[in-house]
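Asks: below: sequence and its predicted model.
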Amino acid sequence: MNRIDKTFKRDKVFIAYLIAGQKGLDYSFNVALSLIESGVDLLEVGVPFSDPVADGPVIQRAMNDALVRKVTILDALELIKRIRKYTDIPLVLFSYLNPILQFGYNRVFKLAKDSGVDGTLIVDLPVEESIAYVLKCKKYKIAPIFVVAPSTTSGRIRQIDKHAQGFLYYACRKGTTGMKKDLPADFAKNVRLIKRNSKLPVVVGFGVSSRRVAKKIINIADGFVVGSLFVDKISQGVGSRELKKITLAIEPRRKRKV
């Protein structure tokens, strides 16, 4: 059993997202360790990209910050390799397709395997065009993770489920990423639809920024993703102690002192 499967067997899963190279690669490394030390169960490392169509202003600005520093997907993989030396939690490479095509599937996936990547999520790759991607994932024993949207039909969920591994990422609202105060009205219905049509755990992202919302999610889903909140705090230059407080304040699974 791989790291991702083991993690979902244990408990509901708290996933954090950061952008490789935001505020510099050393800053990203220190942020990653702070998140892990605070109890995050799985870490997604985002690859900077100049046209992040699924992302809102917070993440767009952060990606631009990393791009100005000339951070590439190869730097992101080197960052993951560095993080892997300090942790055994699952690490997921989170990218748009273009950076992977730029360096080539063979090069990227070999480096991903060598870096300790457990799964990859390509935001803008539809399942119909994913054959080469899925084959590379299988070759290197890396989980191909797919996104499901509120508009995804039951038939399409079943199609995705045939190729996906690890978990399904439910982007719970239409539009782009960003911090929100609550969940959409159709959240519970859509999670149930996904679960009826997939064998995989379902995690929920897009807008999760409070303990109250995270608790609502894990009452029905298998995990939640916090992205824009962390990225926004990183853009403000918060230190490790403050980031740990923010992480612990969101943690919904057990009582913790903040």
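Replies: It's in. Numbers count the residues shown, from 1 in each chain.
Asks: tell me the SS of the residue most central in space within the chain?
Replies: By Cα atoms, centre = their mean, the chain has its centre lying nearest to Glu44, at 3.9 Å. In the three-state summary, Glu44 is assigned as strand, counting by DSSP: H, G, I helix; E, B strand; the rest coil.
Asks: quick check: it touching Tyr17?
Replies: Yes. In this structure, Glu44 is within contact of Tyr17 by Cβ atoms under 8 Å, at 4.3 Å. Backbone N, C-alpha and C define where each C-beta goes, glycine included.
Asks: between these two, which contacts overlap?
Replies: Common neighbours of Glu44 and Tyr17 (criterion: Cβ atoms under 8 Å, 6 or more residues apart in numbering): Phe94, Val225, Gly227.
Asks: residues in contact with the first one?
Replies: Right, Phe94. By Cβ under 8 Å, 6+ apart, Phe94 lies in contact with Tyr17, Glu44, Val45, Gly46, Val47, Thr120, Leu121, Val123.
Asks: any idea what it is bridged to?
Replies: Assessed by DSSP bridges, Phe94 has beta-bridge partners Gly46, Leu121.
Asks: who's in contact with Leu121?
Replies: If a contact means Cβ under 8 Å, 6+ apart, then Leu121 has Glu44, Val92, Leu93, Phe94, Ser95, Ile145, Phe146, Val147, Tyr169 as its contacts.
Asks: tabulate those residues (JSON lines), appending distance to Leu183 and pLDDT.
Replies: Below are those laid out as JSON lines (distance: Cβ to Cβ, whole Å; pLDDT from 0 to 100):
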{"residue": "Glu44", "distance to Leu183": "20", "pLDDT": "98"}
{"residue": "Val92", "distance to Leu183": "23", "pLDDT": "98"}
{"residue": "Leu93", "distance to Leu183": "27", "pLDDT": "98"}
{"residue": "Phe94", "distance to Leu183": "22", "pLDDT": "97"}
{"residue": "Ser95", "distance to Leu183": "26", "pLDDT": "97"}
{"residue": "Ile145", "distance to Leu183": "21", "pLDDT": "98"}
{"residue": "Phe146", "distance to Leu183": "21", "pLDDT": "98"}
{"residue": "Val147", "distance to Leu183": "17", "pLDDT": "96"}
{"residue": "Tyr169", "distance to Leu183": "15", "pLDDT": "97"}
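Asks: identify, from the shared contacts of Glu44 and Tyr17, the entry nearest to Ser34.
Replies: Closest approach to Ser34 among the shared contacts of Glu44 and Tyr17 (Cβ to Cβ): Gly227, at 15.6 Å.
Asks: can you read off the pLDDT for that closest one?
Replies: At Gly227, the model reports a pLDDT of 89.
Asks: repeat for Lys174
Replies: At Lys174, the pLDDT value in this model is 61.
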